[in-house]
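In: One predicted model, sequence on top.
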Amino acid sequence: MATVTLGDIRAARERIAGKIERTSIVLSASLSEGLGVPVQLKLEHRQTTGSFKLRGASNAVASLDAEEKARGIVAASTGNHGRALAHAAKLEGMRAVICMSRLVPKNKLDEIRRLGAEIRIVGNSQDDAQQEVERLVTEEGLVMLPPFDHPAIIAGQGTLGLEVMEQVPDAALVLVQLSGGGLASGVAAAVKGIRPGTRVVGVSMARGAAMKASLDAGRPVLVEELPTLADSLGGGIGLDNRLTFAMCRDLLDDVVLLSEDEIAAGIRHAYEQEREIVEGAGAVGIAALLAGKVKAEGPVVVLLSGRNIDMQLHKKIVCGEMPSISERAA
Ligand SMILES: *Cc1c(COP(=O)(O)O)cnc(C)c1O
């Protein structure tokens, strides 16, 4: 069966050395005191482009052969994957085209353009943008790099797990964000490959947790996508999922789900107690601990995965105001 191994992840680290930051890890005084065990925060939200996605994107781009590099890459993501691809392609001197619908807010569009990608605006939905991606693949020969279900993407995200195990060699529990499962698959493969006894627990929002529903069903299933504060965790895992479903099934010890209020509390805690600005997805590990949803035994590592949150929304949340549904991205 196809999978990503510790060896693949170590090779990815060599490939992306110098292209990504080795992010620091810090002890959370308040969470450690509250739980009675050391809780370490991996500050990956401070990664270049504002999320860990640069690890997978850099590894995938660097793994292309010369002929593919000459053709360029294409994707429909306007979120953290799109940003990461734009940056990675620019570093490699490659063409990157990011397709988006007319509905994408101008600040997101400007950010991707600033990172050096070409922008194609087509139609009124993500599906229209995805159709343009497919057209560019068939007609112009661009290479599509998906956000999670790809061996080079998973291996790149796994380099985060290697760093964690070097920084906290006796980690008993690692809390990892879970959406499409590229991050969780890579991190779990690294952690379990180095120290099989360390527990790796996935954390998602309750609103539209596609991987959790799929794991419960025993096969990839569709779930309705709902607006959530953890917008980077939205979206399905693909009914034709090749890698991440099986890796999450085989490697994760548990998956926990959080309410919107619990996620908001995580964002607020990160800001007030840790002095860190994190997006909703980035805060779910902290939120799971605060909500008492995981048993914290032994040294705990919590990944802070991203910081790309609208600052008006962030301001409301830290002021204790619960934003309306329409203010949350789908
Ligand atoms: C993409 C993303 C995730 C989830 O990663 P998957 O590989 O899709 O599970 C978590 N946090 C942030 C900030 C992200 O951008």
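Out: That came through fine.

In: Residue ranges of each domain in this structure, please.
Out: Here the domain parsing of the chain from automatic domain parsing is 6-52+150-329, 54-144.

In: Is the shortest one in proximity to the ligand?
Out: Think domain 54-144. Yes. Against the ligand, domain 54-144 shows contacts by C-beta under 6 Å from any ligand atom at Asn80. Where you see a C-beta, it was placed from the backbone N, CA and C, and this is true even at glycine.

In: Quick check: end-to-end length of that domain?
Out: 16 Å (C-alpha to C-alpha, to the nearest Å).

In: so how far is it off the chain centroid?
Out: Domain 54-144 has its C-alpha centroid displaced from the chain centroid by 17 Å (C-alpha atoms, centre = their mean, to the nearest Å).

In: highest average neighbour count across the domains of the chain?
Out: Mean neighbours per residue, mean count of other C-beta atoms under 10 Å, is largest over the domains of the chain for domain 6-52+150-329, with a mean of 21.

In: Quick check: mean pLDDT of that domain?
Out: For domain 6-52+150-329, mean pLDDT rounds to 96.

In: Next up, phi/psi of the nearest residue to Asn107 once chain neighbours are set aside, please.
Out: Once flanking residues are discounted, Asn107 sits nearest to Asp310: 7.8 Å by C-beta to C-beta, 6 or more residues apart in numbering. Main-chain torsions, Asp310, degrees, to the nearest 10: phi -60, psi 130.

In: For the residue of the stretch 1-150 of the chain found nearest the ligand, give me phi and psi.
Out: Residue nearest to the ligand within the stretch 1-150 of the chain (C-beta to the nearest ligand atom): Asn80, separated by 3.4 Å. Backbone geometry at Asn80, expressed as degrees, to the nearest 10, gives phi -70, psi -30.

In: Residue numbers of the protein in contact with the ligand?
Out: When proximity is defined by C-beta under 6 Å from any ligand atom, the chain lies next to the ligand at 51, 53, 80, 148, 177-184, 232-233, 279, 281-282, 305-306.

In: please redo it, this time with the cut-off set to 5 Å
Out: Those residues of the chain that sit near the ligand, judged by C-beta under 5 Å from any ligand atom, are 51, 80, 148, 177, 179-183, 232, 281, 305-306.
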